[in-house]
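> Got a sequence here, can you model it:
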Amino acid sequence: MTTVVDKKGIIEFQAFRGNNNEFIIKELVFLDLQTLVVFPFLFKPPFSFNKLTNKAKKTNKWLMRNFHHIEWCDGFTTYNSLESVMQHFCSEFTSIYTRGLEKCNWVQKYSPGQVYDITLNKNFQLGNHEQICILKKNKQHRTSQCALKNAYRLAAFLKPVAETSSGGSGGYIYQEVPQSWHEYYWSLW
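Numbers count the residues shown, from 1 in each chain. Here you go, the predicted structure:
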């Protein structure tokens with residue numbers, strides 16, 4: 001008899017918007033909550049910025065300047081691999097945590113498991129290592145909205161609760177992430 005392992009993970013991303021207001025993923029991070037292994041991706045654009053409508057261009061310029069500070073042309077991974085990356089990693093987790101209902105619904109399209117929208121207190125911080133990002137060496141990005149930083153924040157906010165005596169799966173509660181984990185990624189700078 002095969003035992004199903006309840007594997008939990010975090011998926012966070014930053015995106016631009018397409019002509020139909022759809023997500024155009026730029027920074028995508030998977031974090032395995034059991035192993036604390038992080039899988040980061042920075043996607044190349046799917047097409048030229050000039051193919052966007054004026055409204056989409058204006059929205060995306062605002063996002064770049066004021067929100068995530070990722071340039072349209074930034075990226076390492078080809079955009080046509082996004083779907084296979086999502087399918088692969090989503091199939092690895094039985095439970096996925098992310099922030100925001102729109103993100104949650106987008107991730108759920110790829111996940112055979114359950115995707116949970118977790119609300120964080122806006123004041124919840126990681127302390128000295130708040131400005132970690134190994135994908136984009138742009139100081140403005142590191143101090144703004146960064147998918148990797150948001151994944152760390154979410155992991156720090158969640159802590160496994162022991163399985164209940166009735167055999168049910170436990171939830172997650174707040175716990176600081178071990179300092180050594182932060183130090184490893186901070187040392188990459």
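
> Show me what counts as buried in stretch 78-95.
Across stretch 78-95, burial judged by 16 or more other Cβ atoms under 10 Å covers L82, V85, M86, F89, C90, F93, T94, S95. Where C-beta positions appear, they are placed from N, C-alpha and C, glycine not excepted.

> does the fifth one count as helix, strand or coil?
Pointing back at C90 there. The three-state label given to C90 by DSSP: H, G, I helix; E, B strand; the rest coil is helix.

> Show the contacting residues for it.
Residues in contact with C90, defined by Cβ atoms under 8 Å, 6 or more residues apart in numbering, are I11, I96, V107, Y110, S111, P112, G113.

> Ranking by neighbours, what's the top pick from those?
Highest neighbour count within the contacts of C90, by other Cβ atoms under 10 Å: I11, with 27 neighbours.

> There's contact between it and V107 in this structure, I believe.
Yes: assessed by Cβ atoms under 8 Å, I11 is found in contact with V107 at 5.3 Å.

> Which of the buried residues of stretch 78-95 fall in strands?
When the buried residues of stretch 78-95 are checked against strands (DSSP state E), the matches are S95.

> With respect to F23, which of the buried residues of stretch 78-95 is nearest?
Looking at the buried residues of stretch 78-95 and their distance to F23, the nearest is L82, at 9.8 Å (Cβ to Cβ).

> so how far is I70 from the closest one?
With distances taken as Cβ to Cβ, to the nearest Å, L82 is found 15 Å from I70.

> Rounded mean pLDDT for stretch 91-110, please.
Taken as a whole, stretch 91-110 has an average pLDDT of 94.

> got the contact list for that stretch?
The list of residues contacting stretch 91-110 from outside it, by Cβ under 8 Å, 6+ apart, reads 4-13, 23, 32-33, 83, 86-87, 90, 111-120, 150, 154, 158, 169, 172.

> Now list the buried members of these.
Among those, those classed as buried by neighbour count (16+ other Cβ under 10 Å) are 8-13, 32-33, 86, 90, 111, 113, 115-116, 150, 154, 158, 172.

> mind listing the helices for the chain?
Secondary structure of the chain, counting by DSSP state H: helices at 54-66, 82-92, 101-108, 139-142, 147-157, 179-187.
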